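need the 3D shape of this:
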Amino acid sequence: MERKSISAVAVLATAIFLVLLARFYGLGVRRGGPSSAPPLFIEVRGDVRKPGIYAIDRNNLAMAGVLDAAGGFRDGSGVRTLPPCSLDGLKSGQAVRFIRRDSGTSDVRIEKMEAAARLALGERLDLNETSVDDLCLIPQMKPETAEAIVSRRRDKPWRSIDELTEIRGVGRGAVEKWKDYLEVGI
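Below is the predicted model:
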């Protein structure tokens, strides 16, 4: 009887150890290693097989990886045709456009995603750059207010979101709600 109890305890202890070990490694918990940064959400456009928005690991950010995520070039050409280009400054809410030329060379351009996509990703729109139509995507933003924002910045650039109270009919409550959607770029 004693031998069976010892065996049962040993089996149970081993099972618990294996479950804990699997959870530790399965959840990506690593001690002493680099912290995992959230992915970049970027749009891939142009002459690629699968254009769209992709979550790219910012720790392994490389032009070839971005192109690969979108299925490569439509014509099947490889990454060897890519010009030397750094993605060091790439941020969520931006787009990478791959262009294939008839000569066989390629070009890469960094652009902005459409405002609706940036808002859906939780990114903010810049008061000093956003169009009237794009400002109207913000909840409770009236077209007249969006027009006033664009009109005012022609004379004087926005320095802070709080300055929106200078627009007739815009109170502190509206500004507080819009702080999740707007920013003043540097």
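
and the strands in this protein?
For the chain, the strands defined by DSSP state E occupy 40-46, 52-56, 94-100, 106-112, 125-126, 182-183.

pick the most deeply packed of those strands.
For those, the largest average neighbour count (mean count of other Cβ atoms under 10 Å) is found in strand 40-46, namely a mean of 20. (C-beta placed from N, C-alpha, C; glycine too.)

coming back round to it: possible to save the strands of the chain as TSV with mean pLDDT and distance to residue 156?
Below are the strands of the chain laid out as TSV (pLDDT from 0 to 100; distance: least, Cβ to Cβ, whole Å):
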stretch	mean pLDDT	distance to residue 156
strand 40-46	92	32
strand 52-56	90	35
strand 94-100	91	28
strand 106-112	89	23
strand 125-126	95	15
strand 182-183	96	17
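
now distance to residue 140 too, for those strands, in a markdown table please.
Formatted as a markdown table, the strands of the chain follow (distance: least, Cβ to Cβ, whole Å):
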| stretch | distance to residue 140 |
| --- | --- |
| strand 40-46 | 25 |
| strand 52-56 | 26 |
| strand 94-100 | 27 |
| strand 106-112 | 24 |
| strand 125-126 | 15 |
| strand 182-183 | 12 |
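
any low-confidence regions in the protein?
1-35, 60, 78-81, 83-86, 186 (pLDDT under 70).

ok, which stretches of it are helices?
Here the chain has its helices, by DSSP state H, at 2-26, 63-69, 115-120, 132-135, 143-155, 172-178.

can you list contacts of the fifth one?
Contacts to helix 143-155, defined as Cβ atoms under 8 Å, 6 or more residues apart in numbering, come from residues 127-128, 130-133, 135-136, 158, 164, 166-170.

try it again at 7 Å.
With Cβ atoms under 7 Å, 6 or more residues apart in numbering as the test, helix 143-155 has contacts from 127, 128, 132, 135, 136, 167, 169, 170.

what's near enough to touch the first one?
This points to residue 127. Going by Cβ under 7 Å, 6+ apart, residue 127 touches 149, 153, 158, 182, 184.
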